[in-house]
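Undergrad: Pasted the sequence and its predicted model underneath.
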Amino acid sequence: GAAPTLIANRLLRGLQAGAYFYDGAAGIVHRNEIAANSGAGVLIAEGADPTLSGNTVHDGDDAGILVHSDGRGRLLRNNVHSNRTYGVAALTGGRPTLRGNRLHGARQGGLLVDEGGDADAEGNLIELNAKAGVTLRGACAPTLRRNRIRDGRDSGVHCMRGAGGTLEGNDVCGNELAGVTVETAAAPLLRGNAIHDGKMAGVLFFEGGLGTMEENDVWGNEEGGVVITEASAPLIARNTLRAQGKESAGLWVHSGGLGIAHENEVVGSRWHGIVVGAMAAPTLRHNSITGCKKAGVFFVDGGAGELLENDVHKNHVGVELKDDAEPVVKGNKIHHQKMGGVWVYKESKGTFEGNEIYANGKAAFRVYEWGDPSVTGNRIHGGKAGGLLVYEMGAGTFVDNEICANKTWNVEIKRHATTVLRGNRIHGGGLGGVSIHGEPDDPEGGMLGGSTPTVEANDIYSNVGVGVHIGTDATPTVRDNTIRGGHRAGVLVS
């Protein structure tokens, strides 16, 4: 094919493309102004492979540069702006290479890679576009590395309809919608990107979005670091999710969201660290969740899923279950919270197995307002206040736990609580082992009064004070326990 050199020309107001390369054509296009053409500024197709460098391509009625049908092309340091559709579009069979270009001000987006297209884009500035900075649509798998994608009026990157590809080392910031949006079975790899300071979520997965997100740094986004909804099921691994907006989580899974999140660091959230709500059921494994203003992990509105072997520490509350939440919480370390380790309330349930809950500021495990967890084989110890506190219609079944060395009562049950304690080891409490009591009727109608727990087959020993205290209005069933070594009495009834 032909291989001309076009330098410093003005290609203006053509009825179709400003320049059209096809049938294996090559050549060099350098420092031209290509503007206001009725078609694409530059059209590359049918095996053509020109080099475009230092050109200004603007105000066309189609894409600035359009590549399709086995077209290639090397696009170097071009200024492509204000075109009616996209800055650069790679359609079916198009495979351009982009280096150091500025794609901005397009009325749709900066870069489109469509069904069957491809692109290798590195070191470009993609900014201030009316829609997504980058759109990946349909069966395509481009590579985008070390680009700056910023300040768009839509998403920074939008992946849809089964799109794949690799986004690595990009800086995505300041976009009006999500930094990266993934939907409708798209499955990109997001690795090592900085995704920050967006007006909505850092990364949004919805309507069955898939893919892998690993080793990204996500911060300062107004509506959360990563949001997963509507049967989306990505893998979220080894990311840092830090200091999002004032009332947004590092990771928020809701509306049936799924997925696996493991080995992430969720830190410094101004709200909850991780929120699981509205029938979502993710798997959260081996994450570190710390420094959050509210709960480290908050399950709400029927949220479920699994919380497995995480380190949840130095938050306001460690793990909080509210409004019919029912997760499996297993093998975690939940410690050094400002308030409590675990709160379960408002008809939440949940299964807690094999957790170590220690050194928390208030009650290590708190159950109230019809909370009804199943708690088996945990170690609850070293709290700055009590170990287990059940009150105000709280219930729950606690079996084979070690509850020990808490500063006040290891177990306190009061105000219409109906919990079951069976087969636990309860020892070393600062005030005693188990205290069961009610309170006088509340003249304002609060949920006070007697408790009716079942305390059976526990080993209660070496508590400072008494083993079991049964106080005002309490009517427990206490049977088959071993109560030994109390400093004052085995059982005190008052």
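TA: Arrived safely, thanks for sending.
Undergrad: Distance check, S435 against L389.
TA: Noted for S435: a distance of 10 Å to L389, by Cβ to Cβ, to the nearest Å. (Each C-beta comes from the backbone N, C-alpha and C, glycine too.)
Undergrad: Return, as residue ranges, the portions of the stretch 151-300 of the chain with sub-threshold pLDDT.
TA: Counting by pLDDT under 70, not a single residue of the stretch 151-300 of the chain qualifies.
Undergrad: Go again with 90.
TA: 245-247 (pLDDT under 90).
Undergrad: how about the helices in it?
TA: For the stretch 151-300 of the chain, no helices turn up when DSSP state H, counting those that start in this stretch is the criterion.
Undergrad: The residue nearest to S348 when sequence neighbours are not counted in helix, strand or coil?
TA: Leaving aside its sequence neighbours, S348 sits nearest to L321 (Cβ to Cβ, 6 or more residues apart in numbering; 3.8 Å). Three-state assignment for L321 (DSSP: H, G, I helix; E, B strand; the rest coil): strand.
Undergrad: one step back: name the residues contacting each of S435 and L389.
TA: E412 (Cβ atoms under 8 Å, 6 or more residues apart in numbering).
Undergrad: quick one: contacts for I28?
TA: 4-7, 50-51, 53.
Undergrad: rerun that using 7 Å as the cut-off
TA: 5, 51 (Cβ atoms under 7 Å, 6 or more residues apart in numbering).
Undergrad: what is it paired to in the beta sheet?
TA: For I28, the beta-bridge partners under DSSP bridges are T5, T51.
Undergrad: Could you tell me what pLDDT the model assigned to it?
TA: Note for I28: predicted pLDDT of 98.
Undergrad: what about the closest residue to A186 other than its chain neighbours, neighbour count?
TA: Excluding the flanking residues, the one nearest A186 by Cβ to Cβ, 6+ apart is C159, at 3.8 Å. Using other Cβ atoms under 10 Å, C159 has 31 other residues around it.
Undergrad: Go ahead and confirm C159 touches V182.
TA: Yes: between C159 and V182 there is a contact under Cβ atoms under 7 Å: 4.7 Å.
Undergrad: Find residues that contact each of these two.
TA: With Cβ under 7 Å, 6+ apart as the test, C159 and V182 both reach P188.
Undergrad: Would you pull up how far stretch 224-234 lies from the middle of the chain?
TA: 7 Å (Cα atoms, centre = their mean, to the nearest Å).
Undergrad: What's the end-to-end length of that stretch?
TA: 16 Å (Cα to Cα, to the nearest Å).
Undergrad: Same check on stretch 74-87?
TA: 15 Å.
Undergrad: ok, now which ones touch G259?
TA: So G259 contacts 228, 232-236, 253, 282 (Cβ under 7 Å, 6+ apart).
Undergrad: what's the distance between it and V226?
TA: The gap separating G259 from V226 is 9 Å, by Cβ to Cβ.
Undergrad: Ok, V300 next?
TA: Counting by Cβ to Cβ - V300 and V226 are separated by 17 Å.
Undergrad: more neighbours, these two?
TA: V226 (33 against 21).
Undergrad: At the geometric centre of this structure, which residue do we find?
TA: L251 (2.0 Å; Cα atoms, centre = their mean).
Undergrad: list the contacts for it?
TA: 225-226, 236, 241, 261, 266, 274.
Undergrad: Also A364?
TA: 340-341, 357, 380, 383, 387-388, 406.
Undergrad: I'd say D120 and T143 touch.
TA: Yes: with contact defined as Cβ under 7 Å, D120 counts as touching T143 (5.1 Å).
Undergrad: re the thing from before, please check the contacts of L251 and keep the buried ones.
TA: 225-226, 236, 241, 261, 266, 274 (16 or more other Cβ atoms under 10 Å).
Undergrad: Dump those into CSV; add distance to V312 as well.
TA: As requested, the buried ones among the contacts of L251 are exported to CSV (distance: Cβ to Cβ, whole Å):
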residue, distance to V312
G225, 17
V226, 18
I236, 17
L241, 14
A261, 13
V266, 9
I274, 9
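Undergrad: by contact count, what packs against the helix or strand encompassing L112?
TA: Secondary structure from DSSP states H and E places L112 in strand 109-113. Contacts defined by 3 or more Cβ pairs under 7 Å, 6 or more residues apart in numbering; DSSP states H and E place strand 109-113 against strand 86-90, strand 102-104, strand 134-137.
Undergrad: Direction included, what does that strand pair against?
TA: strand 86-90 (parallel), strand 134-137 (parallel).
Undergrad: so which of the ones you listed comes closest to I289?
TA: Distance to I289, taken as Cβ to Cβ, is lowest for strand 134-137 among these, at 31.1 Å.
Undergrad: Now do the closest one: everything it contacts.
TA: 109-115, 126, 142, 144, 149, 157-161, 163, 165, 186, 188.
Undergrad: repeat for stretch 450-460
TA: Stretch 450-460 is contacted from outside by 413-426, 433-434, 436-438, 467-468, 473-483, using Cβ under 7 Å, 6+ apart.
Undergrad: Of those, which belong to strands?
TA: 413-414, 420-422, 425-426, 433-434, 436-437, 467-468, 477-479, 482-483 (DSSP state E).
Undergrad: Can you flag the buried ones in those residues?
TA: By 16+ other Cβ under 10 Å, the ones in strands among the contacts of stretch 450-460 give 413-414, 420-422, 425-426, 433-434, 436-437, 467-468, 478, 483 as buried.
Undergrad: Now tell me which of these the prediction trusts least.
TA: For those, the pLDDT minimum is H437, 91.
Undergrad: and it, bridged to which residues?
TA: For H437, the beta-bridge partners under DSSP bridges are K414.
Undergrad: Spit out the contact partners of it.
TA: Per Cβ under 7 Å, 6+ apart, neighbours of H437: 414, 451, 471-472, 474.
Undergrad: Let's have those residues in CSV, adding distance to G305.
TA: Shown next, in CSV, are the contacts of H437 (distance: Cβ to Cβ, whole Å):
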residue, distance to G305
K414, 32
S451, 32
G471, 39
T472, 41
A474, 37
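Undergrad: Could you identify the least confident member of those residues?
TA: T472 (85).
Undergrad: That one contacts S435, doesn't it?
TA: No: counting by Cβ under 7 Å, T472 stays clear of S435, with 11.2 Å between them.
Undergrad: Which one's more surrounded, those two?
TA: S435 (24 against 12).
Undergrad: contacting residues for that one?
TA: Neighbours of S435 in contact, by Cβ under 7 Å, 6+ apart: 409, 412, 469, 471.
Undergrad: Also L177?
TA: Contacts of L177 by Cβ under 7 Å, 6+ apart are 154-155, 200.
Undergrad: most surrounded residue in these?
TA: In the contacts of L177, the most neighbours by other Cβ under 10 Å go to S155, 28 neighbours.
Undergrad: hang on, isn't it packed against E183?
TA: No: using Cβ under 7 Å, S155 is not in contact with E183; the gap is 10.1 Å.
Undergrad: Could you check how far L112 is from D154?
TA: Counting by Cβ to Cβ, the gap from L112 to D154 is 13 Å.
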